[in-house]
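In: With the sequence up front, the predicted model follows.
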There are 2 protein chains.
Amino acid sequence: MTSTPVARPDEVRRYNRSSLLRLLHVAGPCTRAALATELGLNRSTIKTLVDGLAEAGVVEERVPRPGRSAGRPSLLVLPQPQAAVVLAVDVQVEHVAMALVGLGGAILGRNSWNLHGRMREPGEVITHVIESTELLAADLGVRPVAGGVSVPGVVRRSDGHVHEAPNLRWSGVALGQRLAKALAVPVVVGNDAELGALAEHVRGAARESSDAVFVSADIGVGGGVIAQGSPLRGAAGYVGEIGHMVVRPHGRPCYCGNEGCWETEVGEAALCRALDLPEDSPRGTIVVELRRLAGDSDAALRQLAEFSEWLTLGLVNVVNLFGPELVVLGDLFTVLPVPVLDAVAEEVRRRSMVSRAIGGVRVELSSLGADVKLLGAAEAAFEGVLDTV
Amino acid sequence: MTSTPVARPDEVRRYNRSSLLRLLHVAGPCTRAALATELGLNRSTIKTLVDGLAEAGVVEERVPRPGRSAGRPSLLVLPQPQAAVVLAVDVQVEHVAMALVGLGGAILGRNSWNLHGRMREPGEVITHVIESTELLAADLGVRPVAGGVSVPGVVRRSDGHVHEAPNLRWSGVALGQRLAKALAVPVVVGNDAELGALAEHVRGAARESSDAVFVSADIGVGGGVIAQGSPLRGAAGYVGEIGHMVVRPHGRPCYCGNEGCWETEVGEAALCRALDLPEDSPRGTIVVELRRLAGDSDAALRQLAEFSEWLTLGLVNVVNLFGPELVVLGDLFTVLPVPVLDAVAEEVRRRSMVSRAIGGVRVELSSLGADVKLLGAAEAAFEGVLDTV
C-alpha cells in the first residue's frame, strides 16, 4: 500500500539540506543557480542552506572561472571531502580492498591485502580491517563516521549478518555488529552485487536509469536490481541470489545444492572451461586468452558459443523477470570479446518479451572497473550519513 | 536514491484523511479508538476527520453492540460502499468478468460473459464492457468514479496500453485510453498476475507480508511481486513475465520465441499432459481428474512427478531471485493434490539459498478464489480514488 510521509517545518528544512548535500555528493560541484533549479527551491532558500553548510565547513564556495555569459556569475558550491568520510571495504574471495572515501565520492586513501591461510577467517579479516582503518585514518588525519562492507554472499541488511558466503567459506558471521562495535560507528554490510548495482546507479552506467540490473561474474555470479530508483530487496532485507537461478536442469552440481545454476555455467570456472583452460587458471591467464580471441570474431563466437548461450538464457530470464531498461555487466563479463557481447545483447533483445515491450533493453559494460563494489560499499555507508552531516 | 516527500499543513490533513479512508477500506469497520491507535493520531484529530467524512456521506457511525468492557463504548465507523464505487474488469482467455465494487471492497453487482468469435476482438470487448457498465450502474443506482482492468498480457501501466496479450491474440491495444474516454473516468489497466498479487496483498493470503510473490496458472502462467510492501514494476511500468522464464532449455516451443518457458511446462496444457488428458481438456475435466488423484497420495506424487519438478524448479528460481517470505499459488495450482503441493513447498524450502537464509519461505494457496484478479483490478482503481473521495 502507498504511504506518504508527513513532515513538520523543521523536517522540511532538514530534508532540503540533505537533498542539497546528496546532490553535491553525487553530481559534484554545482553553482547556486543549478542547485536552485535542480532542487526546485528559490535562491534565498539555497543561500541560507549553503551559508549554513559553509559555516559548518561542509561545503566551500568559489567564484567560477569566468565564462562567456554576462552579469555576475553564480557562486560554485563544492562539497568538502573531509567533512564526511566513510570507510568502504570490499571483501572478495582472493583479497580485501578498503578505502576511506570523502563527501563527493573521492577515494582519500586506500589499502588492500591478499587472503590466504588464516587471513581468510572472519576474525582475522575483521582485525585487519580495524587495524588498517586506524592507520589509514591517522595518515589522512580524518575519522570515518560510518562504514560499508561488500561481501560475496547472502547478507541480512538490517544488521549486517552474513548468513552464508560460500566462496569465502563463511557462515553465520555477525560482521556488521562486530565491526560497528570495534570502530564505534554504524556499519552497513551488503551483498557485493547489490552494492555493485548501487554504485552503478549513483556513479556509473545506470546513473540515468531507474530500472536497471547489474550482473557480475567473478568466481561466483551475482546480480543487484534497481527498481523504480531504489535497490530491490526481499524479506528481512536479503537480496536475491541471481547466480543461483537454475538455467540448466541436471547441469553441473553447485554448492548451493542445485544443479546447473547460472553461476556454474557462466562463472569464472565455466569461462575457463570454455577457453580450454584449467578451471583454476589465474585471472591474468583468462584475460590474456580472451584478448587473444578478440582479434578473430568468428573464432571468438565459435569458441564461446555454448558459454554465450547460457549467458544469454540467464539474461533473457533476468530481463523477463525484472523488466529493466538497462543491464550492466561487470567484472569478468566486461573482458568478453566485443563480438560475443554484441551477439549476446542482440539475442537478449530478440528473445525477451519484456525487452520487446519496452522497445529494447540496453546491455552495457560497467564503467567503474575493479572499484565498483568498493564504491558501492561507500555509497551504502553514505546513505545514513548525508542526513546528519 | 532515497527521497522524502515534504508536506504542507493542508497536505497533512489530506494525507490523514486518505490514510483513515484507506484503513477503513481495507480493514472494514473500526472503532474511533482503533483508528486513533492504528494511525497514531489523537482522538480529537480522528473526531474531526470522521465528522467531516460522515457529513460528506462517506462513512457512517454506529454505537457498537454492547461488549463486556465498562465505560462509554467507542463509536464504530463504517465505510459507506456507495460513497466511492469503481468498475473492475477481468479479461480472461475464455471469459470476461466485471463488477462494480464499493468502498470497503464489497462487490455491489456483477456480470460476466464468454468470449467466442468476434466477442474476443478488443473493440467488441470494449463495447460490451461499456454497455454492461451502464446497465449495471443504472440497476444499482451508482456511478463508478474509476475503473481497473486485468489483462493476461504485457501491459504498460502508465497509460493502459496492452503491448501483447498472446493468449487473447491481442497486440497494441490502447485499452486504458479507449475505456477511459468512453466511461469518462480514469482507468488503470494491469497485468493479471500483478493485480492478483495486489489483491492477495490487500485482502488475501499476503495481507501481512511485505515481500510476497503471487504465481498463478491458467492457460498461461503469470506472477506478480510485492517488494517492501509495494507492487514491483520495471521500466515504463511494465511488470515482469515470470511465466516466460526459461526453465527447460530446448523444451517445448513457446509462442514468445523461447523454448521451455515455465508456462509451457506448468501451464494448463502441461497439466493436461501430466494427467494423460488431451491438451485442450475443459477445466472441469482437469479438476475432476485432480480430485480423483488426490485420494491416493502415492499415485498423485508419481503421476505428477515431472510436472512437480518443473513447478519446484521455477519456484526455487523465483524465491532465489526475489527473496519473498511468502509464495501464494493461485488458480489451477490451488487444485493440485495436497501431497503434491506439500512436497513442492518442502523442496522449494530445501533447495533455495534465500529460503534457507530467511528461515524458510512459506508456500500458501490463494484464498480469494476465482475473483482474485477482479478484486485486484478494483484495488488498482481504488488506489487513485481514496485520495479524492
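Out: Received it, and whenever you're ready, just let me know what you need.
In: Now do the helices in the stretch 151-300 of chain A.
Out: In the stretch 151-300 of chain A, the helices defined using DSSP state H, counting those that start in this stretch lie at A:175-183, A:192-203, A:262-266, A:268-274, A:283-294, A:297-303.
In: Tell me the secondary structure at residue A:61.
Out: strand (DSSP: H, G, I helix; E, B strand; the rest coil).
In: now the strands: where do they sit in the stretch 1-150 of chain A?
Out: Under the criterion DSSP state E, counting those that start in this stretch, the stretch 1-150 of chain A contains strands at A:30-31, A:59-62, A:76-79, A:85-91, A:95-102, A:107-114, A:146-151.
In: Where does pLDDT dip in the stretch 51-200 of chain A?
Out: For the stretch 51-200 of chain A, the stretches with pLDDT under 70 are A:66-72, A:117-119.
In: Any idea how many residues pack against the residue in the stretch 151-300 of chain A that chain B sits nearest to?
Out: Nearest residue of the stretch 151-300 of chain A to chain B (C-beta to the nearest C-beta) works out as residue A:234 at 2.1 Å. In short, each C-beta sits where N, CA and C put it, glycine included. For residue A:234, the neighbour count with other C-beta atoms under 10 Å in any protein chain shown is 28.
In: ok, now which ones touch it?
Out: A:240, B:211, B:227, B:322-325, B:354, B:358 (C-beta atoms under 8 Å, 6 or more residues apart in numbering or on different chains).
In: Please convert the strands of the stretch 1-150 of chain A to TSV, extending it with mean neighbour count and distance to chain B.
Out: Conversion of those to TSV gives the following (neighbours: other C-beta atoms under 10 Å in any protein chain shown; distance: least, C-beta to the nearest C-beta, whole Å):
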stretch	mean neighbour count	distance to chain B
strand A:30-31	19	16
strand A:59-62	16	19
strand A:76-79	21	16
strand A:85-91	27	16
strand A:95-102	22	17
strand A:107-114	15	21
strand A:146-151	29	13
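In: could I get those strands as JSON lines with distance to residue B:110?
Out: As requested, those are exported to JSON lines (distance: least, C-beta to C-beta, whole Å):
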{"stretch": "strand A:30-31", "distance to residue B:110": "56"}
{"stretch": "strand A:59-62", "distance to residue B:110": "61"}
{"stretch": "strand A:76-79", "distance to residue B:110": "59"}
{"stretch": "strand A:85-91", "distance to residue B:110": "57"}
{"stretch": "strand A:95-102", "distance to residue B:110": "59"}
{"stretch": "strand A:107-114", "distance to residue B:110": "63"}
{"stretch": "strand A:146-151", "distance to residue B:110": "53"}
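In: Please confirm that residue A:347 is located within a helix.
Out: Yes - the assignment for residue A:347 by three-state DSSP puts it in a helix.
In: Give me every residue in the stretch 151-300 of chain A lying close to chain B.
Out: A:154, A:156, A:163-164, A:201-202, A:209-211, A:227-230, A:232-236, A:238-242, A:244-249, A:256-258 (C-beta under 8 Å from any C-beta of the partner chain).
In: run the last query once more with 7 Å
Out: Within reach of chain B by C-beta under 7 Å from any C-beta of the partner chain, the stretch 151-300 of chain A has these residues: A:154, A:163-164, A:211, A:227-229, A:232-236, A:238-242, A:244-246, A:248-249, A:256-258.
In: List buried members of these by neighbour count.
Out: Neighbour counting by 16 or more other C-beta atoms under 10 Å in any protein chain shown classes A:154, A:163-164, A:211, A:227, A:232-236, A:238-242, A:244-246, A:248-249, A:256, A:258 among those as buried.
In: How about the contacts made by residue A:75?
Out: Contacts for residue A:75 (C-beta atoms under 7 Å, 6 or more residues apart in numbering or on different chains) come out as A:31-32, A:61-63.
In: Swap in 10 Å and give it another go.
Out: Taking C-beta atoms under 10 Å, 6 or more residues apart in numbering or on different chains, we find residue A:75 in contact with A:31-33, A:47, A:50, A:54, A:61-64.
In: What of residue A:143?
Out: Applying C-beta under 10 Å, 6+ apart, the residues contacting residue A:143 are A:82, A:85, A:87, A:100, A:133-134, A:137, A:183-185.
In: ok, now with 7 Å
Out: A:85, A:137.
In: give me phi/psi at it?
Out: With angles defined as degrees, to the nearest 10, residue A:143 sits at phi -130, psi 130.
In: Against residue A:183, how distant is it?
Out: According to C-beta to C-beta, to the nearest Å, residue A:143 and residue A:183 sit 10 Å apart.
In: And residue A:58, by the same measure?
Out: Relative to residue A:183, residue A:58 is positioned 22 Å away (C-beta to C-beta).
In: so how many other residues sit close to the residue of the stretch 251-389 of chain A found nearest chain B?
Out: At 2.1 Å from chain B, residue A:323 is the closest residue in the stretch 251-389 of chain A, using C-beta to the nearest C-beta. When neighbours are counted by other C-beta under 10 Å, residue A:323 registers 29.
In: And it, its phi and psi?
Out: Per-residue torsions, residue A:323: phi 60, psi 50 (degrees, to the nearest 10).
In: Can you say which of the helices of the stretch 151-300 of chain A is nearest to residue B:346?
Out: helix A:262-266 (23.7 Å; C-beta to C-beta).
In: who touches that closest one?
Out: Contact partners of helix A:262-266, identified using C-beta under 7 Å, 6+ apart, comprise A:217, A:220-221, A:242-245, A:247-248, A:251-252, A:254, A:270, A:307, A:310-311, A:314.
In: Just the buried residues from those residues, in ChimeraX please.
Out: Buried residues within the contacts of helix A:262-266, by 16+ other C-beta under 10 Å, are selected in ChimeraX with:
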select /A:217,220,221,242,243,244,245,247,248,251,254,270,307,310,311,314
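In: mind listing which of the contacts of helix A:262-266 are in strands?
Out: Judged by DSSP state E, the contacts of helix A:262-266 include A:217, A:221 as members of strands.
In: Got the domain ranges for chain A?
Out: As given by the TED database, the domain ranges for chain A are A:9-63+A:71-79, A:85-195+A:372-386, A:207-367.
In: quick one: which of those is nearest residue B:375?
Out: Comparing the domains of chain A under C-beta to C-beta, the one sitting nearest is domain A:207-367, at 23.8 Å.
In: what's the span of that closest one, first residue to last?
Out: Criterion C-alpha to C-alpha, to the nearest Å; first-to-last residue distance in domain A:207-367 is 11 Å.
In: and if you look at stretch A:140-156?
Out: Start to finish, the residues bounding stretch A:140-156 are 32 Å apart (C-alpha to C-alpha).
In: follow-up on the earlier one: look up the closest residue to the residue of the stretch 151-300 of chain A closest to chain B, ignoring the ones flanking it.
Out: Distances taken as C-beta to C-beta, 6 or more residues apart in numbering or on different chains put residue B:323 closest to residue A:234, at 2.1 Å, once the chain neighbours are dropped.
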